[in-house]
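Trainee: Sequence first, predicted coordinates after that:
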Amino acid sequence: MNEPRVAKDRLLRMCARLTEGHILYKKEEAERYGCSLRSIQRDFDDLRAFFADRNEETGTNQQLIYDREENGYRLDPPTRMLLSDEETFAVVKILLESRALTKKELKPILTKLVDCCVPVDHQKQIAQLIANETYHYMEPHHKKPVLNTMWSLSSAVRSQLFVNLTYKNQKNSLIKRKVKPVGILFSEFYFYLIAFIDSGESAEFDNTVKDYAYPAIYRIDRIQRFDVTEDHFRVIYANRFEEGEFRKRVQFMYPGQLKQVRFYVKEISLEATLDRLPTAKIIKQDKKGYLISAEVFGDGIDMWLRSQGEWVEIVEKN
């Protein structure tokens, strides 16, 4: 390849990486392309002029700047926002701690997060910080990939399409259901499909608290087979299922009716209780502790209350 073509190719590659949000370092680029620091500096000057001309043509306000803190060149503002080192590290730690994915699914996600979001000279630091956890990562015992299934089901949720599924329950019995999928949630190691079982009547349903027909909860790794049909169900927008509101009120993904619980909690467990139960409200404080009221779905709350031992005292459930 002749010299002008090599220079043009180098310039295009540098431009592409800048638009992807990378910070470019003069010495690193010179080593990458086997050329002098002066050649790389000319490239940066040309790129700066290119973005300035582009601003005039398109009305944008993006420029190539030298970041003195990073000692490198970057676009300001970036074409796309990337995670910071700190944000990437937090996301990686959450993924590792969740233990929701098989090793085969998790490893490429971690690699892509670090490669895409962390500057090359910082990647070693991130890799060292997570090396031990990555090596000792314990995948879920079911060892089933869930990403493709979860994505297909999420498409059915978005498009409001009936799904026929075969599901292995906790007793290892296979059951078949036609359901109206309304959400995907994650809790305690597993991803779940939230769906209303089709009653065989009208495809239109109402899930307000007043006329509450609670949804079924299916662990996605236990779905043996599923078929997204071409049949639509209709949801009244005002009564649509809201994953965030449901998640506030369900514990350990146990389904059931909506109910109110009231209990006392000692001060030592107050903060953890308020974090565990987003709908919890402090009614009063007295010599017994803090009287808490919370709105919850199902019987999962009973498991949690029993796990707190002497720190809680149940007053009322209805």
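Mentor: Ah, there it is. Numbers count the residues shown, from 1 in each chain.
Trainee: Domain parsing of the protein, as residue ranges.
Mentor: Per automatic domain parsing, the structural domains of the chain span 3-76, 85-135, 147-241, 258-317.
Trainee: Now render these as CSV, adding mean neighbour count and mean pLDDT.
Mentor: Every residue, glycine included, has its C-beta placed from N, CA and C. As requested, the domains of the chain are exported to CSV (neighbours: other CB atoms under 10 Å; pLDDT from 0 to 100):
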stretch, mean neighbour count, mean pLDDT
domain 3-76, 14, 88
domain 85-135, 15, 89
domain 147-241, 15, 82
domain 258-317, 15, 88
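Trainee: Just checking: what are the partner strands of the longest strand along the chain?
Mentor: In the chain, with assignment by DSSP state E, the single longest strand is strand 174-187. Its sheet considered, strand 174-187 pairs with strand 161-168 (antiparallel), strand 190-197 (antiparallel) by DSSP bridges.
Trainee: For these, could you give me CSV that also reports distance to Arg219?
Mentor: Formatted as CSV, these follow (distance: least, CB to CB, whole Å):
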stretch, distance to Arg219
strand 161-168, 8
strand 190-197, 5
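Trainee: how about those, which one is nearest Leu75?
Mentor: In terms of CB to CB, the element of the strands paired with strand 174-187 nearest to Leu75 is strand 190-197, at 36.2 Å.
Trainee: tell me which residues form a beta bridge with Val250?
Mentor: Beta-bridge partners of Val250, as defined by DSSP bridges: Phe297.
Trainee: Now do the helices in the stretch 101-250 of the chain.
Mentor: Along the stretch 101-250 of the chain, the stretches classed as helices by DSSP state H, counting those that start in this stretch are 103-117, 120-135, 147-159, 243-249.
Trainee: Columns distance to Val296 on top of these, output as JSON lines?
Mentor: Shown next, in JSON lines, are the helices of the stretch 101-250 of the chain (distance: least, CB to CB, whole Å):
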{"stretch": "helix 103-117", "distance to Val296": "31"}
{"stretch": "helix 120-135", "distance to Val296": "33"}
{"stretch": "helix 147-159", "distance to Val296": "23"}
{"stretch": "helix 243-249", "distance to Val296": "5"}
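Trainee: Quick one, which of these gets closest to Leu37.
Mentor: Of all those, helix 120-135 comes closest under CB to CB, at 17.2 Å.
Trainee: Please put the alpha-carbon coordinates of that closest one into PDB.
Mentor: Only the C-alpha atoms of helix 120-135 are listed here, as PDB (Å, rounded to 0.1, in the frame of the first residue of the first chain):
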ATOM      1  CA  VAL A 120      -6.600   1.000  27.000                       C
ATOM      2  CA  ASP A 121      -4.100   2.100  29.700                       C
ATOM      3  CA  HIS A 122      -6.800   1.600  32.400                       C
ATOM      4  CA  GLN A 123      -8.000  -1.800  31.300                       C
ATOM      5  CA  LYS A 124      -5.300  -3.700  33.100                       C
ATOM      6  CA  GLN A 125      -6.400  -2.100  36.400                       C
ATOM      7  CA  ILE A 126     -10.000  -3.100  35.900                       C
ATOM      8  CA  ALA A 127      -8.900  -6.600  34.900                       C
ATOM      9  CA  GLN A 128      -6.800  -7.000  38.100                       C
ATOM     10  CA  LEU A 129      -9.700  -5.700  40.300                       C
ATOM     11  CA  ILE A 130     -12.100  -8.300  39.000                       C
ATOM     12  CA  ALA A 131      -9.700 -11.200  38.200                       C
ATOM     13  CA  ASN A 132     -10.300 -13.200  41.400                       C
ATOM     14  CA  GLU A 133     -14.100 -12.900  41.200                       C
ATOM     15  CA  THR A 134     -14.100 -13.800  37.500                       C
ATOM     16  CA  TYR A 135     -11.900 -16.800  38.100                       C
END
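Trainee: which secondary structure elements does that helix contact?
Mentor: helix 85-98, helix 103-117 (3 or more CB pairs under 8 Å, 6 or more residues apart in numbering; DSSP states H and E).
Trainee: Name the residues that touch the longest one?
Mentor: With CB atoms under 8 Å, 6 or more residues apart in numbering as the test, helix 103-117 has contacts from 20, 82-85, 87-88, 91-92, 95-96, 101, 123, 126-127, 130, 134, 137, 139, 145-147.
Trainee: Tell me the helices and strands packed up against the helix or strand where Tyr290 lies.
Mentor: Per DSSP states H and E: Tyr290 is located in strand 289-297. Packing partners of strand 289-297 (3+ CB pairs under 8 Å, 6+ apart): helix 243-249, strand 258-265, helix 270-276, strand 281-286.
Trainee: Other residues contacting the helix or strand containing Leu75?
Mentor: Under the criterion of DSSP H and E, Leu75 resides in strand 72-76. With CB under 8 Å, 6+ apart as the test, strand 72-76 has contacts from 18-19, 21-26, 44, 47, 51, 62-67, 119.
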